[in-house]
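Sharing a model that was predicted from the sequence below.
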Amino acid sequence: MSDATEKPVDADAWEKACAEDLAEEKARRRAEHGAPPGSAAEELKKLVDAVAEKLSGFSGAQAPFLGSVAQGTAEQVAKQAVRQVRNVVEPVIERNSDVFDHLAAAGSELLAAYRSAVEGQERRWTQGAPEGRPPEPRGPEDEGPGGEHIDLD
């Protein structure tokens, strides 16, 4: 081949193309579904902020039965409680953010296991199996990793 017909080879072309496709897909999903949730620690901070905002918005309009002095005192108590909660929660979140991510993942796994068990039980109920005898497995979702039936009863 002559030097004139050879095209320069970009060693990172595939990587660049994949990165561009991934960025486009993320942008499309963000536009379609909104921003993805943050880490468990970030979501906990958002929750604390939302609760603090609700408590700090406490006013006489929500409690007309309180006198003006009592309303002021209630607002001060709410603000103080919010400050105390933030002072306790924020350092814990920052030091242990990976722990919250692991707990969130574990919770998701437990929910998936529970959902699987409930769906299996519902399937047995709707198939009308005789009492005391589970129905024969009908598909891969009824079987364990070695192909044997797993009964959670």
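Thanks, I have the structure now.

and Leu44, that one's in a strand?
No - counting by DSSP: H, G, I helix; E, B strand; the rest coil, Leu44 falls outside a strand, being helix.

how close does it get to Leu55?
In this view, Leu44 and Leu55 are 16 Å apart by C-beta to C-beta, to the nearest Å. All C-beta atoms are positioned from the backbone trio N, CA, C, and that covers glycine.

more neighbours, the two?
Ranked by neighbour count (other C-beta atoms under 10 Å), Leu44 and Leu55 place Leu44 first, with 18 against 15.

is it true that that one touches Val89?
Yes - shown here, Leu44 and Val89 form a contact pair, counting by C-beta atoms under 8 Å, at 7.4 Å.

Reduced to three states, what does Pro37 come out as?
Pro37 is classified as coil under three-state DSSP.

So for it, what pLDDT did the model give?
We have a pLDDT of 73 for Pro37.

residues contacting it?
Pro37 is in contact with Glu43, counting by C-beta atoms under 8 Å, 6 or more residues apart in numbering.

For Val48, which non-adjacent residue is closest in space?
Leaving out its chain neighbours, the residue that sits closest to Val48 by C-beta to C-beta, 6 or more residues apart in numbering is Val89, at 5.4 Å.

give me the element the one you found is part of.
Applying DSSP states H and E as the criterion places Val89 in helix 68-95.

taking the mean pLDDT, what do you get for that helix?
Helix 68-95 comes out at a mean pLDDT of 77.

Same check on stretch 41-55?
pLDDT averaged over stretch 41-55 gives 80.

tell me which residues of that stretch are tucked away?
Judged by neighbour count (16 or more other C-beta atoms under 10 Å), stretch 41-55 contains these buried residues: Ala41, Leu44, Lys45, Val48, Ala52.

How about stretch 91-103?
Ile93, Phe100.

Endpoint to endpoint, it covers what distance?
Using C-alpha to C-alpha, to the nearest Å, the end-to-end distance of stretch 91-103 comes to 18 Å.

contacting residues around it?
Ser39, Ala40, Ala41, Leu44, Lys45.

now, among those residues, which is nearest to Ala31?
Closest approach between these and Ala31, by C-beta to C-beta: Ser39, at 22.0 Å.
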